[in-house]
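> starting from these lines, generate the structure:
(chains A, B and C)
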Amino acid sequence: MDLEGKDVISMRDFDKETILHVLNKAREIESCPDPALLMGKIMAALFYEPSTRTRLSFEAAIKRLGGGVIGFSDPDTSSTAKGESLADSIRIVEGYADVIVLRHPLEGASRLAADVAIIPVINAGDGANQHPTQTFLDLYTIQKEKGRLEDLRIGFLGDLKYGRTVHSLATALKHFAVELCFISPPLLRMPEYVLHELDEAKISYREETSLEDAVRHLDILYCTRIQKERFGSAIDHEKVRGVYRVSKQTLVSAHEELRIMHPLPRVDELDPGVDESKHALYFEQARNGIPVRQALLAMIMGKI
Amino acid sequence: MDLEGKDVISMRDFDKETILHVLNKAREIESCPDPALLMGKIMAALFYEPSTRTRLSFEAAIKRLGGGVIGFSDPDTSSTAKGESLADSIRIVEGYADVIVLRHPLEGASRLAADVAIIPVINAGDGANQHPTQTFLDLYTIQKEKGRLEDLRIGFLGDLKYGRTVHSLATALKHFAVELCFISPPLLRMPEYVLHELDEAKISYREETSLEDAVRHLDILYCTRIQKERFGSAIDHEKVRGVYRVSKQTLVSAHEELRIMHPLPRVDELDPGVDESKHALYFEQARNGIPVRQALLAMIMGKI
Amino acid sequence: MDLEGKDVISMRDFDKETILHVLNKAREIESCPDPALLMGKIMAALFYEPSTRTRLSFEAAIKRLGGGVIGFSDPDTSSTAKGESLADSIRIVEGYADVIVLRHPLEGASRLAADVAIIPVINAGDGANQHPTQTFLDLYTIQKEKGRLEDLRIGFLGDLKYGRTVHSLATALKHFAVELCFISPPLLRMPEYVLHELDEAKISYREETSLEDAVRHLDILYCTRIQKERFGSAIDHEKVRGVYRVSKQTLVSAHEELRIMHPLPRVDELDPGVDESKHALYFEQARNGIPVRQALLAMIMGKI
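From the prediction side, this is the model:
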């Protein structure tokens, strides 16, 4: 349970006890942040793929605890343009920093980086694979809003096939007694390996195609953007974009306590009209990235 | 007059008393800066349009007072590329920062951002519209150099039609007993709405086309670049570029105390030969951005 | 020997005594860094050409001593795009910072910047010309590893014609009783002016084309990348790329104590198989950039 020196690559590396421990630490840090906790520490933010939200969240997280940041947000200005391998870049940067936060378009890049690096590496998204700090903040948001992680009915909506965040969150939820509902067009169903993992953990789930039917019974509805860049062909993307759109109308039959989450950015799938409703939890969810990332950074650097 | 929690969007939102109050605070902060005044505060610098000078000035301003910065300088690496609305970006970023500094190519973008955000927003330029911190630093520069803002003859030279900084400064000067002189080619005259505002405020002004005639009588000559990007057609730009060029020769008939200002960057309109003359005030003017932005940041964050 | 207020533009400006003094200070700072030494100081990192490694090294160096950074890593988002001269950019930025670190594609750009600026300027590479902090860290690495700078047999391999780092290091080594060996294809021989300088300093050197022959007798082998961007024609580049490749096999006849250096990034010329051997010194070399740059920054800002 001591995370000092550990990498944060995949939710699969964290058991239930450790997950809850991280969420507890996030709560402590949110209620009482120490602005000098990470003084003198340097985080290298290596973004080989743009992700403003994740980058700014990590940067704000460490800066609010007194740490500093080096890095890049644009692979074209990096040494990659000179043909350097990721392994070399990591080995050089680890001479400059105390922790590496890596975003990379290729699956497995973070694991490779962690194998090479002596200092801890945090995966901030590697292709369609994992984005564990997003999952931690999703869990934190659910727990903070609902007071628990057990005994909840949680729906996932949209691109369940390519959506990295939903795979990761769904498999993390297998540790808790939840009921899951997967709402997607047939083309974008949750992959077999995720369903298989849930079966093994004896988590009950069902698959739906109608949002209106599903929404009546949910405590949480987790929406995702249908990302063009994850599709092989533009035609496949056209078939499914805009198939769901969460709006005040869609939510008419939802019960009072339904909360809507979304990793953001959104495009068409979540109507801004929902923002002012009691259901909207997504901006709060984004804010929760700060204490969760602070907790993980501080823990792996041995400061809490 | 208390600016805590306020936005800085347009000079129109500031009355004479508040303007003078900000300049006073800038003077105090310049003579005695407190390197820990904004410790723990985070400024989000969101530059949807490149502006190195303005960005570096804001960043230096807050860092010299102990604060931190997150943000981007290049819209292509931001979530905008994923289709996110400005309102969403603002609502997410405000979860990470204490103040937002926004540069945007579209007029009105800052007002929209300020409406959406709970934390204060500073407009660092929105299209051809407003750039209030530039105007504050211009006023600060004049006051510091001349010891007063009243009883001055101030000329504006160049692109008075599209020049955001001259509109903003000219209308801010209506609070003070100045005489204005607008020197431009006929195509680039000061817009009617600015002249009308000056008429209402009973500020005397005249319009000229000859720089040589005008320069004899001025205390301040405020030059501007004729910016290609503000023109609809390349032909219109060709007609007017290079029509004025301030040089040692042009300034032969200027009186001793004339000071030349320029928001920079300059291209052809201001000869580097002027830099070493007693007339040059523009580099000092750029430096004055620091205390002025420090004062505004500290005031809206409730620290002075 | 007091470097306060001085620029760091070229190794030619440093005599033997000053070089050794800087290396001593780097050693002191490495063994006992003061995290508040440069508190409140701002470094402007102006990178008109991408160089992630150098930029991150400088940023980490000053941040670990409590200082802050402003700047850009991408010329397209700078005012240069608006047509501003380098001299103007420097004069404005020096109003915001305490030291300027400049990377520029044109030879002589740093000298020009230093002439214009009142605050100190550090050359972080100007075209094929100089990159003095790289040379300082190379000397530091040799001295730290070998315990001395005298009485060493040092080989240089690869592009000796266009390789900025090798010119600079070779001429700096003229202060010390070394034996040099230049290994390159005939097209990429060390330029006459460097050989002439060594002749004058009575440094013995020989030129080779075979790596295998040379390697038997060396204490240090300094490899360089053959950089496409330095070649006028793609054909000339094709003729020489891949002509040398340092690998475990090439090093079979090397003696035990041979150490391999490389300014990195590498492409094909240095096999990753060497990384785990006792010969590899290049990652350590990259790390040494931190204390060396810290020493130089602190010295020119008058803090040590």
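> let me know the secondary structure of A:Met43.
Secondary structure state of A:Met43, per DSSP: H, G, I helix; E, B strand; the rest coil, is strand.
> isn't it up against A:Glu94?
No. Applying Cβ atoms under 8 Å, one finds A:Met43 not in contact with A:Glu94, separated by 11.8 Å. C-betas here are computed from N, CA, C, even on glycine.
> now the common contact residues for those two.
Common neighbours of A:Met43 and A:Glu94 are listed as A:Ile100 (criterion: Cβ atoms under 8 Å, 6 or more residues apart in numbering or on different chains).
> near chain B, which residues of chain A show up?
By the rule Cβ under 8 Å from any Cβ of the partner chain, the part of chain A lying against chain B is A:35, A:47, A:50-53, A:56-57, A:59-60, A:63-64, A:73-74, A:225, A:227, A:264-267, A:272, A:283, A:286-287, A:289-290.
> the same query, at a cut-off of 6 Å, please.
Counting by Cβ under 6 Å from any Cβ of the partner chain, chain A comes close to chain B at A:35, A:50, A:52-53, A:56-57, A:59-60, A:63, A:73-74, A:265, A:267, A:283, A:286-287.
> could you check how many residues crowd around whatever residue of the stretch 201-304 of chain A ends up closest to chain C?
In the stretch 201-304 of chain A, the residue found nearest to chain C is A:Met301; the distance is 14.4 Å by Cβ to the nearest Cβ. A:Met301: 22 surrounding residues under other Cβ atoms under 10 Å in any protein chain shown.
> name all residues that make contact with it.
By Cβ atoms under 6 Å, 6 or more residues apart in numbering or on different chains, the residues touching A:Met301 are A:41, A:98.
> can you flag the buried ones in the residues of chain A next to chain B?
Using 16 or more other Cβ atoms under 10 Å in any protein chain shown as the burial test, the residues of chain A next to chain B include A:50, A:52-53, A:56-57, A:59-60, A:63, A:73-74, A:265, A:267, A:283, A:286-287 as buried.
> tell me which of those residues fall in helices.
A:52-53, A:56-57, A:59-60, A:63, A:283, A:286-287 (DSSP state H).
> now tabulate those residues in TSV and tack on distance to C:Phe156 and pLDDT.
What follows is those, written out as TSV (distance: Cβ to Cβ, whole Å; pLDDT from 0 to 100):
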residue	distance to C:Phe156	pLDDT
A:Thr52	43	89
A:Arg53	46	91
A:Leu56	44	97
A:Ser57	46	98
A:Glu59	40	98
A:Ala60	45	98
A:Lys63	42	96
A:Phe283	58	97
A:Ala286	52	97
A:Arg287	54	97
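> in CSV, list the residues you listed along with distance to chain C.
Formatted as CSV, these follow (distance: Cβ to the nearest Cβ, whole Å):
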residue, distance to chain C
A:Thr52, 15
A:Arg53, 20
A:Leu56, 17
A:Ser57, 20
A:Glu59, 13
A:Ala60, 16
A:Lys63, 11
A:Phe283, 29
A:Ala286, 26
A:Arg287, 26
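> out of the residues you listed, which two are the most distant from each other?
Based on Cβ to Cβ, the longest span within those runs between A:Lys63 and A:Phe283 and measures 20.6 Å.
> can you pull out the strands in the stretch 201-304 of chain A?
Taking DSSP state E, counting those that start in this stretch to define them, one finds strands in the stretch 201-304 of chain A at A:204-208, A:220-223, A:259-261.
> just send those back as JSON lines, with mean neighbour count and mean pLDDT too.
Converted to JSON lines, the strands of the stretch 201-304 of chain A look like this (neighbours: other Cβ atoms under 10 Å in any protein chain shown; pLDDT from 0 to 100):
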{"stretch": "strand A:204-208", "mean neighbour count": "15", "mean pLDDT": "96"}
{"stretch": "strand A:220-223", "mean neighbour count": "26", "mean pLDDT": "98"}
{"stretch": "strand A:259-261", "mean neighbour count": "24", "mean pLDDT": "98"}
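> roughly how far apart are A:Lys146 and A:Tyr140?
Going from A:Lys146 to A:Tyr140 by Cβ to Cβ, to the nearest Å gives 11 Å.
> more crowded one of those two?
A direct count of neighbours by other Cβ under 10 Å for A:Lys146 and A:Tyr140 places A:Tyr140 higher, at 24 against 17.
> that one should be in a strand, yeah?
No. Judged by three-state DSSP, A:Tyr140 forms no part of a strand; its state is helix.
> helices and strands of chain A: which one has the lowest mean pLDDT?
Least confident helix or strand, chain A: helix A:234-240 with a mean of 74, by mean pLDDT, DSSP states H and E.
> now that helix: buried residues?
Within helix A:234-240, the residues that qualify as buried are A:237, A:240, counting by 16+ other Cβ under 10 Å.
> could you say what helices and strands that helix packs with?
For helix A:234-240, there is no helix or strand it packs on, judged by 3 or more Cβ pairs under 6 Å, 6 or more residues apart in numbering or on different chains; DSSP states H and E.
> any residues touching that helix, and which ones?
Here helix A:234-240 makes contact (Cβ under 6 Å, 6+ apart) with A:185, A:187-188, A:226, A:228, A:231.
> pLDDT score assigned to the residue nearest to A:Asp151 when sequence neighbours are not counted?
Nearest residue to A:Asp151, sequence neighbours excluded (Cβ to Cβ, 6 or more residues apart in numbering or on different chains): A:Ala177, at 5.9 Å. With respect to pLDDT, A:Ala177 has a value of 95.
> which SS class is A:Ile100?
A:Ile100 - assigned by three-state DSSP - is strand.
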